[in-house]
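[1] one predicted model, sequence on top.
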Amino acid sequence: MLARAKINLYLHVVGRRPDGFHLLDSLVVFAETGDEIEVAPADTLSLTIVGPFAGKLAADDDNLVLRAARGLRDLAGITAGAAITLAKNLPVASGIGGGSADAAATLAALTALWKIAPDRAALDRLALSLGADVPVCLAGRASFMGGIGEEIAPVGALPPAHLLLVNPGIATPTPAVFKARTGGFTAAGRWASPPSDAKALAAALQARGNDLTEAAITVTPAIRDVLAAIARTEHCLLARLSGSGATCFGIYAGAAEAEAARRAILATNPGWWAIAAPIAA
Ligand SMILES: C[C@](O)(CO)[C@H](O)COP(=O)(O)OP(=O)(O)OC[C@H]1O[C@@H](n2ccc(N)nc2=O)[C@H](O)[C@@H]1O
Ligand SMILES: Nc1ncnc2c1ncn2[C@@H]1O[C@H](COP(=O)(O)OP(=O)(O)OP(=O)(O)O)[C@@H](O)[C@H]1O
């Protein structure tokens, strides 16, 4: 099962809860690329990690995949096991929700393997307890995200558009970025009807922003270089940070333009990670 990368096309910080968590308004979409979760019947729960970023992550009890599996088992009141394999294709702690997508894919795959039908509200509560981005990853489609991540509203059909994702290879922990944030709050940026094409989408996004950008650059200064490099690529309609970083994205009208931009970026920055993929329909 594909655990798609999550991209925050815009992200406004609209308030703060008394417990310190930030209230957000974000347009979340998914890219047609990500990690892979496979599950097979077994007596006990186990996790094997393979793939390009396997070395950056331990298959220990804290792994979001195993936390999701244990949480689902407890929720269903069963003692089943599963042999889970995670192909870690996305950089870790990079603002594209890899761990959250893995957790959501694990919940979906094990629900099918164990043939259980958990109560939806309880499943959503479990998702949120695993991470603020897990509920939207569980919904699995383009959404306006509110609250601290628990409010998911439909966006309507977005126009076809292609993404270039670029990461400078520096893990950027989400808590550090929220901690570094200064300044006030921004109004919500939701629109009533979706833009008609990629150019109109980029124009609508230009009027919005990612309120974590400055803080993320404080934590990982290389983000400034990544944003500039994406903005310089031909046919780039918009360059922006996703989530708390350090992954940034470019928007392009066509697949060929996004792929050409990926090659151009890697030619001058061979140490960076870059991938081109359409926004999932
Ligand atoms: C920045 C986003 O990626 C936008 O989609 C998410 O809000 C973060 O989602 P996430 O990585 O699943 O975050 P979590 O693991 O739940 O939270 C990590 C830490 O970030 C801070 N945090 C997170 C979400 C939020 N709405 N407000 C916060 O202040 C909290 O200090 C929290 O302890
Ligand atoms: N399966 C997993 N994949 C990635 N990270 C995991 C996983 N399990 C636990 N983690 C831990 O969770 C933290 C966040 O990782 P993740 O890659 O989800 O961050 P992120 O891309 O910044 O997410 P977000 O965009 O939701 O803030 C890392 O510090 C990592 O050690």
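    Perfect, thanks for sending it. Ligands and ions are numbered 1, 2, ... in the order given.
[2] surely residue 272 meets residue 167?
    Yes. Using C-beta atoms under 8 Å, residue 272 is in contact with residue 167, at 6.5 Å. C-beta coordinates here come from the backbone N, C-alpha and C atoms, glycine included.
[3] quick one: residues contacting the residue in the stretch 151-281 of the chain positioned nearest to ligand 1.
    When scored by C-beta to the nearest ligand atom, the stretch 151-281 of the chain has residue 243 as its residue closest to ligand 1, at 3.3 Å. By C-beta atoms under 8 Å, 6 or more residues apart in numbering, the contact list for residue 243 reads 6, 7, 8, 11, 95, 96, 97, 133, 174, 210, 212.
[4] backbone dihedrals for residue 266, please?
    Phi and psi for residue 266, reported as degrees, to the nearest 10, are phi -70, psi -30.
[5] next: residue 32.
    Here the main-chain torsion angles of residue 32 (degrees, to the nearest 10) amount to phi -80, psi 50.
[6] follow-up on the earlier one: so which of the contacts of residue 243 also contact ligand 2?
    Contacts with ligand 2 within the contacts of residue 243, as defined by C-beta under 6 Å from any ligand atom: 95, 96, 97, 133, 174.
[7] just give the number of residues close to the fourth one.
    By the measure other C-beta atoms under 10 Å, the count of residues near residue 133 is 28.
[8] which residue, neighbours along the chain excluded, lies closest to it?
    If the residues on either side of it in the chain are set aside, residue 133 comes closest to residue 100, at 3.7 Å by C-beta to C-beta, 6 or more residues apart in numbering.
[9] tell me the contacts of residue 174?
    Residues near residue 174 by C-beta under 8 Å, 6+ apart: 93, 95, 243, 244.
[10] three-state assignment of the residue of the stretch 151-281 of the chain closest to ligand 1?
    On the three-state scheme (DSSP: H, G, I helix; E, B strand; the rest coil), residue 243 is labelled coil.
[11] quick check: phi and psi at it.
    Residue 243 has phi and psi values of phi 50, psi -130 when expressed as degrees, to the nearest 10.
[12] try the one 3 residues further on
    When read as degrees, to the nearest 10, the backbone of residue 246 gives phi -90, psi 0.
[13] do I have it right that it meets residue 167?
    Yes. Using C-beta under 8 Å, residue 246 makes contact with residue 167 at a distance of 5.8 Å.
[14] which neighbours do those two share?
    94, 226.
[15] re the thing from before, residue 272 and residue 167: which is more packed in?
    With neighbours defined as other C-beta under 10 Å, residue 272 and residue 167 compare such that residue 167 has more, 26 against 17.
[16] what residues are bridge-paired with the more buried one?
    Here residue 167 sits in beta bridges with residue 273, going by DSSP bridges.
[17] begin at 51, not 1, for the rest of this chat.
    Okay, using 51 as the starting number, the last item reads as residue 217.
[18] how about it, what does it touch?
    141, 144, 276, 296, 297, 298, 322, 323, 324.
[19] now, of the residues you listed, which are buried?
    When the contacts of residue 217 are checked for burial by 16 or more other C-beta atoms under 10 Å, the buried set is 141, 144, 276, 296, 297, 298, 322, 323, 324.
[20] list the contacts of the residue nearest to the third one when sequence neighbours are not counted.
    It refers to residue 276. Excluding its sequence neighbours, the residue lying closest to residue 276 (C-beta to C-beta, 6+ apart) is residue 298, at 4.6 Å. Shown in contact with residue 298 (C-beta under 8 Å, 6+ apart): 215, 216, 217, 273, 276, 277, 280, 289, 290, 291, 292.
[21] in the helix or strand that contains the fourth one, what's buried?
    When secondary structure is defined using DSSP states H and E, the element that contains residue 273 is helix 272-282. Using 16+ other C-beta under 10 Å as the test for burial, helix 272-282 gives 272, 273, 276, 277, 279, 280.
[22] also stretch 317-329?
    For stretch 317-329, by 16+ other C-beta under 10 Å, it's 319, 322, 323, 324, 325, 326, 327, 328, 329.
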